[in-house]
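>>> my questions are about this predicted structure, shown below with the sequence.
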Amino acid sequence: MRFNSAIDPDTLRAYEETHYRVLGDAPATLRIGHANSGLVKLHRAFGVDCSAFLTAANPFSTLINATANAIRQASLAEQLDRMGLRRIEGMGEHPVGTWPGEPSFLVLGMTLSDAKQLGAQHGQNAIVWCGPDTVPQLILLR
C-alpha cells in the first residue's frame, strides 16, 4: 500500500510512531502493529470485535488552529452519534512532541469500510483500525 501512497515517507513514519491514547475510565495507548491488552478489555466490555481510532483534526496533516480543529472534531462526533456508535475520547501524540496532539475518538464496533469512509470525508491521510486480534493497523487513505 505504501508504494501507491501520496503521503510522504516522513509523515508515514510519524503516523507509525504516534501513540494513540484512549482516555477515560479504561485508558490505553495504542501503537501500530502491537496488540493491546487494554483494547482487548474494551472490546470485551462493549461486546465488539473491532474499533477505529479517528480524528477530524488537521486535514491532510496540515496544521490548522485549535478552534477550527474543535469544530471539525464536533462534526465528527455528531456523525458518530447519528450512526449510533459508542466513542471514547482520545489523543494522537507523537512521542517527540514536535506536532501538537490531535483530539481523537476510539470508535467501538466501527467496521473498516465505515472507518475508511469517515476518514476520507474528514480529510485524513490515514486512520487506525483494530480487528479481532486488537493489533492496531495504519490504514492509508491516499
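Yes, it's here.
>>> determine which residue lies closest to the centroid of this structure.
Using CA atoms, centre = their mean, the residue of the chain that lies closest to the mean C-alpha position is Phe53, 2.5 Å off.
>>> right, and that residue touches Tyr20 too?
Yes. With contact defined as CB atoms under 8 Å, Phe53 and Tyr20 form a contacting pair (4.7 Å). Yep, even glycine has a C-beta here, placed from its N, CA and C like the rest.
>>> now the common contact residues for the two.
Leu30, Gly90, Gly92, Ser104, Leu106, Val128, Pro136 (CB atoms under 8 Å, 6 or more residues apart in numbering).
>>> ok, so of these, who is nearest Ser5?
Taking CB to CB as the measure, Ser5 lies nearest Val128 of the shared contacts of Phe53 and Tyr20, at 15.6 Å.
>>> quick one: the strands in the protein, in order.
Assignment of strands within the chain using DSSP state E yields the ranges 19-22, 28-30, 51-54, 86-93, 102-108, 126-130, 137-140.
>>> looking at those strands, which one is packed in the most?
Stretch with highest mean neighbour count among the strands of the chain: strand 51-54 (a mean of 28; mean count of other CB atoms under 10 Å).
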